[in-house]
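Student: Just need the structure, nothing else, for what follows:
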Amino acid sequence: MSDKILVIGATGNVGRPTVRALRARGQRVKAASRDGRAFDGAEGVSFDYNSPTTFGTALEGVNRVFVLLPAGSVDPLATAMPFIEDAVSRGAKVVFHSVFGVEADNTNPYRQIETALEGSGNPFVILRPNWFADNFHTSWKDAIKQGQIAVPAGDGKSSFIDVRDIADVAANVLASAAFDGQSCNLTGPEAISYDEAAAVLSEVLGHAVRYTPVDDAAFIDLLMNEGVPEDYAEFLATIYYPVRQGWTWMVTSEVERITGRPPHSFRTYALDHAADFVG
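Tutor: Numbering: from 1, shown residues only. Reported below is the predicted structural model:
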């Protein structure tokens, strides 16, 4: 029987460190991306959710799959389910990168994907990470270089999680059957507001960073002025609603339970990525 792991979105913010974490554990890995290039000892394979003809080659010789949805996906159910159904039909264990808090809303498409996995009779693990700390040096880097964070988060707090912690959790649950059938809410070690995050970044980066709360309409305009499609800009605005409502402050011990170590703090994240804010 095959003993290989397929990582979808292997060159992305979560996929790449997950591939590296798996390789560090001695796992055989297929790194799936649009261009199919190999890296860090992982076999490369071309993959596109919109091209079902790529599914078979990607899944060949695989018994475990890490499913991540691409950035910009506004219809996760339609995007992911055809591939997940193919993987399940082949008996591959599915580890699904879901979204924090979706278990409270059965109409949420991410929750509907979770429900399908739960009823599949197939081995699965569901990972629900909270907001990424890494968004600050990826999505918001240019604004932070100008000293500004402008998002519709109000004064809500989030237990931001370092992507390195998500990757280590994913690698552990992919490499072991000990967590099969579990749904894991992943967070950092503390909940902080965007104002508090800005204060940490100001100290670490050595220049003032201010947080300015904006409303959804202003946020959508900002994104569209940067070239983000209107439907995706509107989607991004909606995901701040739980932050404003105070639903993203929860802190869990899941990272430590699964990896055996505590998650990185936001300050540690900022210190470790300081160079990425200016590069």
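Student: quick one, strands of the protein?
Tutor: In the chain, the strands defined using DSSP state E lie at 4-7, 28-33, 43-46, 64-67, 93-97, 124-129, 148-151, 157-158, 183-186, 192-193, 210-213.
Student: ok, now which ones touch Tyr240?
Tutor: The contact partners of Tyr240, by C-beta atoms under 8 Å, 6 or more residues apart in numbering, come to Val151, Pro152, Ala153, Asp216, Phe219. For glycine as for every other residue, the C-beta is placed from the backbone atoms N, C-alpha and C.
Student: As a markdown table, the strands of the chain with distance to Ala167 and mean neighbour count would be great.
Tutor: As requested, the strands of the chain are arranged in a markdown table below (distance: least, C-beta to C-beta, whole Å; neighbours: other C-beta atoms under 10 Å):
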| stretch | distance to Ala167 | mean neighbour count |
| --- | --- | --- |
| strand 4-7 | 10 | 26 |
| strand 28-33 | 12 | 25 |
| strand 43-46 | 18 | 17 |
| strand 64-67 | 10 | 26 |
| strand 93-97 | 10 | 23 |
| strand 124-129 | 10 | 25 |
| strand 148-151 | 24 | 18 |
| strand 157-158 | 19 | 24 |
| strand 183-186 | 11 | 20 |
| strand 192-193 | 22 | 19 |
| strand 210-213 | 27 | 16 |
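Student: need the ones you listed in TSV with distance to Arg244, can you?
Tutor: Below are those laid out as TSV (distance: least, C-beta to C-beta, whole Å):
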stretch	distance to Arg244
strand 4-7	33
strand 28-33	35
strand 43-46	40
strand 64-67	29
strand 93-97	24
strand 124-129	19
strand 148-151	10
strand 157-158	11
strand 183-186	20
strand 192-193	11
strand 210-213	9
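Student: Output the helix or strand of the chain with the lowest mean pLDDT as PDB, restricted to C-alpha atoms.
Tutor: Comparing helices and strands within the chain by mean pLDDT, DSSP states H and E singles out helix 230-238 as the least confident, with a mean of 90. Taking C-alpha atoms only, helix 230-238 is exported to PDB below (Å, rounded to 0.1, in the frame of the first residue of the first chain):
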ATOM      1  CA  GLU A 230     -15.200  43.200  -6.100                       C
ATOM      2  CA  ASP A 231     -16.800  39.800  -5.100                       C
ATOM      3  CA  TYR A 232     -13.700  38.700  -3.300                       C
ATOM      4  CA  ALA A 233     -13.300  42.200  -1.600                       C
ATOM      5  CA  GLU A 234     -16.900  41.800  -0.400                       C
ATOM      6  CA  PHE A 235     -16.200  38.300   0.900                       C
ATOM      7  CA  LEU A 236     -13.100  39.500   2.800                       C
ATOM      8  CA  ALA A 237     -15.200  42.300   4.400                       C
ATOM      9  CA  THR A 238     -17.700  39.700   5.700                       C
END
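Student: Other residues contacting that helix?
Tutor: The contact list for helix 230-238 (C-beta under 8 Å, 6+ apart) reads Gly72, Val74, Pro152, Asp216, Phe219, Ile220, Leu223, Met224, Val228.
Student: most surrounded residue in those residues?
Tutor: Top of the contacts of helix 230-238 by neighbour number is Pro152, holding 22 neighbours under the definition other C-beta atoms under 10 Å.
Student: measure it to Asp216 for me?
Tutor: With the distance defined as C-beta to C-beta, to the nearest Å, Pro152 ends up 5 Å from Asp216.
Student: and if you look at Phe55?
Tutor: Computed as C-beta to C-beta, the Phe55 to Asp216 distance reads 36 Å.
Student: With Ala233 instead?
Tutor: Ala233 sits 10 Å away from Asp216 when distances are taken as C-beta to C-beta.
Student: again with Phe235
Tutor: The spacing between Phe235 and Asp216, counted by C-beta to C-beta, is 11 Å.
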